[in-house]
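Engineer: would you be able to build a 3D model of this:
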Amino acid sequence: MALGAVAEHSFNTNKGFGVLHRSLNFSKKVKLQEQVNLKTFSNYRIGGPARYFKRAGTVEELIEAIKWAREKKVPIYILGGGTNILWSDKGFDGLVVKPDFDFVKVNGSHITAGASVPMPALVQAAVGRGLKGIEWAGGLPGTFGGAIYGNAGAFGGEIKDIVREVVSLDTETLDLKERSNTECQFRYRTSIFKTQGKEIILQARIELEPGDKRVLYESMAAKMSYRRRKHPLEYPNIGSIFKNVPVGELKKELVEPHRQVIKTDPFPVIPAAYLIDKAGLRGVSHGGAMISPRHPNFIVNVLDARASDVSALIELVKEKIKEKFNIQLEEEVRIV
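Structural biologist: Got it, this is the predicted structure:
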């Protein structure tokens, strides 16, 4: 769907911020694909088949799929961009639904976008109109909805700083909800959508500020260049595996040995990559997976890795960091 277009079959913008239709007409039969290879829906290129798979281009189709899964008593998983997910080697024995709400609408300093919009496209839409506040996300993979779900952040910025409202679908009641920034309960790399796990993000509105287009392009390009230099983009990966460690959650005696490497993200943290490196795990491999020598918080697929290879390295890292530093790392990626 072209930028600037709103899916009129799903959205009613009479109130400014899109409120989705509730007068839904459901077909009796849900068209599904079967035994779909999930490798093609993960940046890792790892995973077995989905028993059932459906793309949902409208809210009506999304609700139909949820109702079908309930009726058949099969588990359901809502898939975003696949940039931070590790599928099981056995796949998913249920229904995987991939929503397609891909639109961007700009109104002054406000941008309303569908959850399926790729973050690079959203950043480009903002910077191209001289709007600042999101250029920190230059080169950030994934979708807008995924960024909200995990309160994505980089270079001192976080998505929570610009989100004003989010529209979601409650998978239990099938009602639409409109949440303010406060009601989203954003915290470090999480939100109410992640902690409760029962709402599907459909669209959101962000508020930015006027800026110098040339300066914004330079800032965005610098962030993208940094990612290309520092991240192992030559191999399939799903980004940082572990969250950085918030200093405020640690006892003082655990922080002191690492005082010199503390960075702001956007508050003081100990980088997970530093801890992994100091534990001597840079370049360690298992099967076809390897802890990246370039950036040790990345586990890369170097030779047809299996999910079990990646999982083994994740457990190894957690075990060694706990043993050496008495610090418990927490995964940032989703393992399904």
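
Engineer: how much space separates Phe103 from Leu32?
Structural biologist: When C-beta to C-beta, to the nearest Å is the yardstick, Phe103 and Leu32 sit 25 Å from each other. Using the backbone N, CA and C atoms, a C-beta is placed for each residue, glycine as well.

Engineer: compare neighbour counts for those two and give me the winner.
Structural biologist: Neighbour comparison, Phe103 and Leu32: the larger count goes to Phe103, with 22 against 17 (by other C-beta atoms under 10 Å).

Engineer: which ones are touching the spatially closest residue to the more buried one that is not a sequence neighbour?
Structural biologist: Setting aside the residues directly before and after it, Phe103 is nearest to Gly114 in space (C-beta to C-beta, 6 or more residues apart in numbering), at 4.7 Å. Neighbour list for Gly114: Ala7, Phe101, Asp102, Phe103, Val104, Phe144, Gly145, Leu202, Gln203 [criterion: C-beta atoms under 8 Å, 6 or more residues apart in numbering].

Engineer: and for Thr195?
Structural biologist: Under the criterion of C-beta under 8 Å, 6+ apart, the contact list for Thr195 reads Gln185.

Engineer: averaged pLDDT, the helix or strand hosting it. What do you get?
Structural biologist: When elements are defined using DSSP states H and E, Thr195 is found to belong to helix 192-196. The predicted model gives helix 192-196 an average pLDDT of 96.

Engineer: with just CA atoms, put it into PDB.
Structural biologist: Only the C-alpha atoms of helix 192-196 are listed here, as PDB (Å, rounded to 0.1, in the frame of the first residue of the first chain):
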ATOM      1  CA  ILE A 192       1.600  -3.400  28.200                       C
ATOM      2  CA  PHE A 193       1.300  -5.100  24.900                       C
ATOM      3  CA  LYS A 194       4.300  -7.300  25.700                       C
ATOM      4  CA  THR A 195       3.600  -7.800  29.400                       C
ATOM      5  CA  GLN A 196      -0.100  -8.700  29.100                       C
END
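
Engineer: give me the sheet partners of whichever helix or strand comes after that helix and which way each runs.
Structural biologist: With elements assigned by DSSP H and E, the helix or strand that comes after helix 192-196 is strand 199-207. The strands that strand 199-207 pairs with in its sheet are strand 110-114 (antiparallel), strand 163-170 (antiparallel) (by DSSP bridges).

Engineer: next helix or strand past the strand or helix carrying Leu313?
Structural biologist: Element membership for Leu313, per DSSP H and E: helix 307-325. Scanning the chain past helix 307-325 towards its C-terminal end, the next helix or strand to appear is strand 334-335 (assignment: DSSP H and E).

Engineer: who does that next one touch, helix- and strand-wise?
Structural biologist: Strand 334-335 is packed against strand 85-86, helix 307-325, with contacts defined by 3 or more C-beta pairs under 8 Å, 6 or more residues apart in numbering; DSSP states H and E.

Engineer: picking up where we left off before, in the helix holding Thr195, what's buried?
Structural biologist: If you call a residue buried by 16 or more other C-beta atoms under 10 Å, then helix 192-196 has these buried ones: Ile192, Phe193, Lys194.
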